[in-house]
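Colleague: 3D, please:
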Amino acid sequence: MAVGRLVETLLQSIVPHTHEWFPDQPHSGLEVRVLADRPKCLLLTVHLDGAEVPAALAKFRRDSVSRPGAGTRPRLRDEPATVEQLTVLEWSGLAAIERACGDTAGLGVVRPLLLMRDDAGIVMSFTDAPTLRNVVLDLSRLRRGRGSLDDAIAGCTLAGRWLRTFQERSEESDRPVRQGTREVVVDRLRAYGEFLDSRDWRRVATKGTQLVSERLPRELPLTVGHGDFAPRNMLLRDGRLTVLDPLPRWRVPTYDDLCRFLVGIRLIGEQVHTHGLAFGAGALDALEAAVVAAYLGPHADQAPLRAYELLILMDKWTAMLDNPRRDVPGRIARRSAALADHRVRAEAERLLDLASQG
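Modeller: Numbering: from 1, shown residues only. Coordinates of the predicted model:
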């Protein structure tokens, strides 16, 4: 549907509800603005009486056409889903977050307001705050360290608390299982080692399979996954963390979301493409320690976490190397990533050491 038509449809759909949704914000008019027009989604903001800060955000998903011959790497998850299915999943995820985290100090929620199933759209409350990813990036030498390490550590601590709270309060689910056994993890590690096709990575994969066999139980403890638990999907302001963009399609090992967060911090693009010059190891170590301690506690055995984290690191790294974009920026990104292979392999070796230490 064209942008203009979606704007009109959105206005017609929300006008009857705005006084109910925002009773403390009396208004006489609505305005819809385009926040972002992307290949995969259109983001529109809803403003009351022309206010600069939006009252609500509308997200409309779009079908994305994959490029032939792209994406040959092994995957953890490869089941297709329609935009309508993804929209309903996100809606249910926002509702689950509100139930689990809505009454917890320091944890904010995005209220799901309206499901527009036929248009693959969701209307939700708007949170005016920077992403945790940007808070972390402000620590970078590329930005002259203009950020606050204390703020970033506080955000990572809240991320660990959020995940623990969400998992403990989530309802039972019959969603499909992904990576539910030790054998599946071992199989995927071997597949990634073969795909990366170097003696060093095959050695990493071999050590990883040995550690997984020693450190992970045969049947992994499971929980409903957030689906994209990454710093870019977290908003931080005034000591309050709000997590966005849930896609709870599967039950996954309890460490899955935490490992995705940790790998997202360690393999943040600016660090990879500058071969480790963007951040000093001390800053990243402090952020990692904060989220792990908040989730596991200060004295928990980290070996199972690190063994599983190796799987997530290799999954993310192969995705960066197998970037499906065939335009000039895509080719440059793949080439830059390939040149940083030694840095990422060193990170894998670090995880092997941590897992072996317990």
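
Colleague: contacts for the longest helix along the chain?
Modeller: Looking across the chain with DSSP state H, the single longest helix is helix 149-169. For helix 149-169, contacts defined as CB atoms under 8 Å, 6 or more residues apart in numbering pick out 96-97, 99-101, 104, 106-107, 132, 135-136, 138-139, 223, 226, 229, 231, 234, 236, 239-241, 243, 254, 257-258, 261, 265, 283, 286-288, 290-296. Backbone N, C-alpha and C define where each C-beta goes, glycine included.

Colleague: So how do I select the buried members of those residues in ChimeraX?
Modeller: Here is the ChimeraX selection string for the buried members of these, based on 16 or more other CB atoms under 10 Å:
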select :96,97,100,101,107,132,135,136,138,139,223,226,229,231,234,236,241,243,254,257,258,261,265,283,286,287,290,291,292,294,295,296
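
Colleague: Mind checking which of the contacts of helix 149-169 land in strands?
Modeller: Using DSSP state E, the members of these that fall within strands are 107, 223, 234, 236, 240, 241, 243.

Colleague: quick one: the spatially closest residue to the third one that is not a sequence neighbour from residue 218, how far?
Modeller: Same thing as residue 234. Using CB to CB, 6 or more residues apart in numbering and skipping residues adjacent in sequence, the residue nearest residue 234 is residue 132, 4.1 Å away. Using CB to CB, to the nearest Å, residue 132 is found at 35 Å from residue 218.

Colleague: before we move on, what about residue 162?
Modeller: Taking CB to CB as the measure, residue 162 and residue 218 are separated by 29 Å.

Colleague: what's the answer for residue 114, then?
Modeller: Distance from residue 114 to residue 218, by CB to CB: 44 Å.

Colleague: What about the residue lying closest to residue 355 once chain neighbours are set aside, how many residues nearby?
Modeller: Distances taken as CB to CB, 6+ apart put residue 306 closest to residue 355, at 3.8 Å, once the chain neighbours are dropped. Residues near residue 306, counting by other CB atoms under 10 Å, number 25.

Colleague: wait, residue 306 sits on residue 349?
Modeller: No. Judged on CB atoms under 8 Å, residue 306 makes no contact with residue 349 at a distance of 11.5 Å.

Colleague: all helices in this structure, in order from the N-terminus.
Modeller: 3-14, 18-21, 83-101, 132-137, 149-169, 182-196, 199-215, 256-266, 269-273, 281-296, 303-321, 328-339, 341-357.

Colleague: Looking at those, which is nearest to residue 37?
Modeller: Closest approach to residue 37 among the helices of the chain (CB to CB): helix 3-14, 6.6 Å.

Colleague: next one: stretch 220-228 to chain centre, how far?
Modeller: Offset of stretch 220-228 from its chain centre (CA atoms, centre = their mean, to the nearest Å): 13 Å.

Colleague: Kindly report the same for stretch 253-265.
Modeller: Per CA atoms, centre = their mean, the centroid offset for stretch 253-265 relative to its chain is 9 Å.
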